[in-house]
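Undergrad: The following block contains a protein sequence and its predicted model.
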Amino acid sequence: MEKQLETIKTAAKSEIESAISRQVLEALRVKYLGKKGELTSILKQMGSLSPKERPIMGALANEVRGFIGDILDEKMKLLAKDEQIEKLKSEAIDVTIPGNTKKLGSLHPLTVVLDEVKEIFLGMGFQIATGPEVEWDYYNFEALNIPKDHPARDTQDTFYITENMLLRTQTSPVQIRVMENTKPPIRIIAPGRVYRADTVDATHSPLFHQVEGLVVDKGISMSVLKGSLMQFAKRLYGNDTKIRLRPHHFPFTEPSCEMDVSCFICGGKGCSMCKNEGWIEILGAGMVHPKVLENGGIDPNIYSGYAFGVGLERLTLFKYSINDLRLFFENDLRFLSQF
Ligand code: PHE
């Protein structure tokens, strides 16, 4: 029996020492020390020993059990440590590897300038109004004093959905819609897309953006128009900017004008930006025609108003010295990421 115990001890030692994982060790623990293990089966034979031998063998068996238990525990610790080192190694993070950066987009230049325009007018007490891009002929033309056969329609050909429904050619129809729904005082700007049957080139696009302005109140005069638009020009293009109102014609304003700003590149001396004029035209404006007030349900004997319409693309082209309007719509990141 002593020999058996010695054999178990040596076998267990070598097996445990060469175990490569904790699972294997667990299996060895069962194999040697478990209820049906080798040591237990030997202890079961104790009954056949003489009373003299019994305590000696018992002590020896206990010693072997203790020995195997100890080296099992030790090996277990060792393997756990190795496993942890392995784990740390495999989970190591190399902080010097360049990260996966997410490219942040930027605002479109038209959005940047529109936001600025909104800021300026909101600061002057205006509110923002909107209207549909698919518009009735009535709002886009009729109510704005442009009857069916009016020559002003020739310059604003557009896409017709039906005979009476079209893609709006200007944001001016919002004037009528706002007047129909609002009692004066009215102070709104109405930014939005407009459409015209134009061929694409450096200065034309069948889709572009306008910002309409409308003020209706008692005592609104041309000087109010001039003061507000001067403020607008200075805020947008700098405090040294001068404005110039030239007589013009729009069917829905009377009198009408176009507004130029002094060229902010050359200061008025003449350069390629202003085509040597020293001035750059940026918007159309005028006093709201009495008939248009009436069409909006407002009594022209009590109220007067001014309106203006400015092209957002034009404002932006000048603001950033861009020479081709197509750049706004081509989604070329080399262009867009500059803003
Ligand atoms: N709607 C005009 C245009 O598109 C601009 C304008 C608006 C002129 C308001 C006067 C008043 O040309």
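TA: Nice, thanks for sending it over.

Undergrad: Show me which residues of this protein sit near the ligand.
TA: By the rule CB under 6 Å from any ligand atom, the part of the chain lying against the ligand is 170, 172, 250, 253, 284-286, 307-309. Placement of C-beta: from N, CA and C, glycine included.

Undergrad: which of those residues tops the neighbour count?
TA: Per-residue neighbour counts (other CB atoms under 10 Å) across these peak at residue 172, which has 29 neighbours.

Undergrad: Let me see the contact set for that one.
TA: 140, 144, 212, 252, 307, 309 (CB atoms under 8 Å, 6 or more residues apart in numbering).

Undergrad: what bits of the stretch 201-339 of the chain have low per-residue confidence?
TA: For the stretch 201-339 of the chain, not a single residue meets the criterion pLDDT under 70.

Undergrad: for this protein, which helix is longest?
TA: helix 53-90 (DSSP state H).

Undergrad: Show me what the next helix or strand after that one packs onto, helices and strands only.
TA: From helix 53-90 onward toward the C-terminus, using DSSP states H and E, the following helix or strand is helix 109-123. In terms of contacts (3 or more CB pairs under 8 Å, 6 or more residues apart in numbering; DSSP states H and E), helix 109-123 is packed against strand 186-195, strand 207-217, helix 222-237, helix 312-319.

Undergrad: got the contact list for the last one?
TA: When contacts are defined by CB under 8 Å, 6+ apart, helix 312-319 is touched by residues 109-110, 112-114, 117, 191, 205, 208-211, 236-237, 264, 273, 280, 282, 322-323, 325, 328.

Undergrad: how far off helix 109-123 does that helix point, in degrees?
TA: On the basis of axes from the mean of the first three to the mean of the last three CA atoms, to 10 degrees, helix 312-319 is oriented at 100 degrees to helix 109-123.

Undergrad: could you dump helix 312-319 to PDB, C-alpha only?
TA: Taking C-alpha atoms only, helix 312-319 is exported to PDB below (Å, rounded to 0.1, in the frame of the first residue of the first chain):
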ATOM      1  CA  LEU A 312     -29.400  84.800 -51.100                       C
ATOM      2  CA  GLU A 313     -26.900  83.400 -53.700                       C
ATOM      3  CA  ARG A 314     -25.900  86.900 -54.800                       C
ATOM      4  CA  LEU A 315     -25.300  88.000 -51.200                       C
ATOM      5  CA  THR A 316     -23.200  84.900 -50.600                       C
ATOM      6  CA  LEU A 317     -21.200  85.200 -53.800                       C
ATOM      7  CA  PHE A 318     -20.200  88.700 -52.900                       C
ATOM      8  CA  LYS A 319     -19.600  88.000 -49.200                       C
END
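
Undergrad: State the phi and psi torsions of residue 281.
TA: phi -80, psi 130 (degrees, to the nearest 10).

Undergrad: my read: it touches residue 263, true?
TA: No: using CB atoms under 8 Å, residue 281 is not in contact with residue 263; the gap is 11.0 Å.

Undergrad: The two: which has the busier surroundings?
TA: Neighbours per residue (other CB under 10 Å) separate residue 281 from residue 263, with residue 263 holding more: 24 against 17.

Undergrad: Fine, thanks again, bye for now.
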